[in-house]
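Asks: Below: sequence and its predicted model.
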Amino acid sequence: MSDNTDESEPGSAAMSDGDASGRRKGALSLYGVSVEYGLHTVLWLLAEHPKRPSSRDLAEMQGIPAAMLAKIMPKLEKAGIVSSSDGISGGYALAKPASDVTVLDVVDAIEGDRKLFDCKEVRRGCVLFGGVPPAWSISGICRIHAVMLRAEKQMRVELARTTLADLARGGRPPEFEALVADWFRDRGAARETARIAAVRKGRRSPR
């Protein structure tokens, strides 16, 4: 649909004072900004649109990088969350009812089922074992890993419990939705005008 650029890595190693919202600037996070962009974008697709909005229009509406959103949307399409149509009047729409799409669906589509913890079996490396850890030290799953697995399971249960319809409930007022529809309609009309002008200019060009 649009040109692609590399996604920025989630978080940053630098820590600084919090911003006005109380959030630490540069704090590391499990999921990157792509998840935030993706979730907000699919919520915009719940609105009534005169035509399918392009990824560029969806990005401009939210004030987020168009090139980055152009890389996120194909992932959502591959997962069956959105559908697209090509061409100058093409764009995106939800591929299924909002009540059938969970937050976990969107997260996994974008992040690829990222794991909370990657156990390296450090328990095997104690110098006193001499390279041959005794059975009692490695029996069963690592207790630290077990805690992380339980935490990950609970996190995924919570993300799967909430749908796009749940997120949208009690959100934007109807009068604002009308403004949204007008904005996207104007953007679509501008693209169509530009397309017609380009066609006419091409016809007048010398061969």
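Replies: Sure, I can see it.
Asks: Three-state assignment for the residue sitting nearest the centre point of the chain, please.
Replies: The chain has residue 38 as the residue nearest its centroid, 2.7 Å off, counting by CA atoms, centre = their mean. Secondary structure, DSSP: H, G, I helix; E, B strand; the rest coil: residue 38 is helix.
Asks: how close does it sit to residue 126?
Replies: Residue 38 sits 43 Å away from residue 126, going by CB to CB, to the nearest Å. Where you see a C-beta, it was placed from the backbone N, CA and C, and this is true even at glycine.
Asks: what comes up buried for the helix of greatest length in the chain?
Replies: Across the chain, the helix with the greatest residue count (assigned by DSSP state H) is helix 174-204. Residues of helix 174-204 classed as buried under the neighbour-count rule (16 or more other CB atoms under 10 Å) are 180, 184, 187, 188, 191.
Asks: Same question for stretch 77-97.
Replies: Neighbour counts over stretch 77-97 (16+ other CB under 10 Å) mark 77, 81, 82, 84, 91, 92, 94, 95 as buried.
Asks: Closest one to residue 118 out of these, please.
Replies: Residue 118 lies nearest to residue 81 out of the buried residues of stretch 77-97, by CB to CB, at 26.8 Å.
Asks: Next one: the closest residue to residue 121 other than its chain neighbours relative to residue 135, how far apart?
Replies: Take residue 121 and drop its neighbours on the chain: the residue closest to it by CB to CB, 6 or more residues apart in numbering is residue 142, 6.6 Å away. Per CB to CB, residue 142 is found 14 Å from residue 135.
Asks: Between the two, point out the one with more neighbours.
Replies: residue 142 (17 against 6; other CB atoms under 10 Å).
Asks: Tell me how far stretch 45-58 lies from the chain's centre.
Replies: 16 Å (CA atoms, centre = their mean, to the nearest Å).
Asks: typed the wrong thing, it's stretch 35-55
Replies: With CA atoms, centre = their mean, you get 11 Å for stretch 35-55.
Asks: next helix or strand past the strand or helix carrying residue 110?
Replies: Secondary structure from DSSP states H and E places residue 110 in helix 103-111. Next helix or strand after helix 103-111 toward the C-terminus (DSSP H and E): helix 135-138.
Asks: which of the residues in the helix or strand that that next one is followed by are buried?
Replies: With elements assigned by DSSP H and E, the helix or strand that comes after helix 135-138 is helix 143-161. The neighbour-count check on helix 143-161 (16+ other CB under 10 Å) flags 145, 148, 149, 156, 159 as buried.
Asks: Disregarding residues adjacent in the polypeptide, which is nearest to the fourth one?
Replies: Closest residue to residue 156 in three dimensions, ignoring its sequence neighbours and counting by CB to CB, 6+ apart: residue 104, at 6.0 Å.
Asks: Let me see the contact set for the one you found.
Replies: 156, 159, 160 (CB atoms under 8 Å, 6 or more residues apart in numbering).
Asks: And these, which is closest to residue 43?
Replies: The nearest one, if we look at the contacts of residue 104 relative to residue 43 and count by CB to CB, is residue 159, at 15.2 Å.
Asks: Surely that closest one touches residue 113?
Replies: No - Residue 159 lies out of contact with residue 113 (CB atoms under 8 Å); the separation is 11.4 Å.
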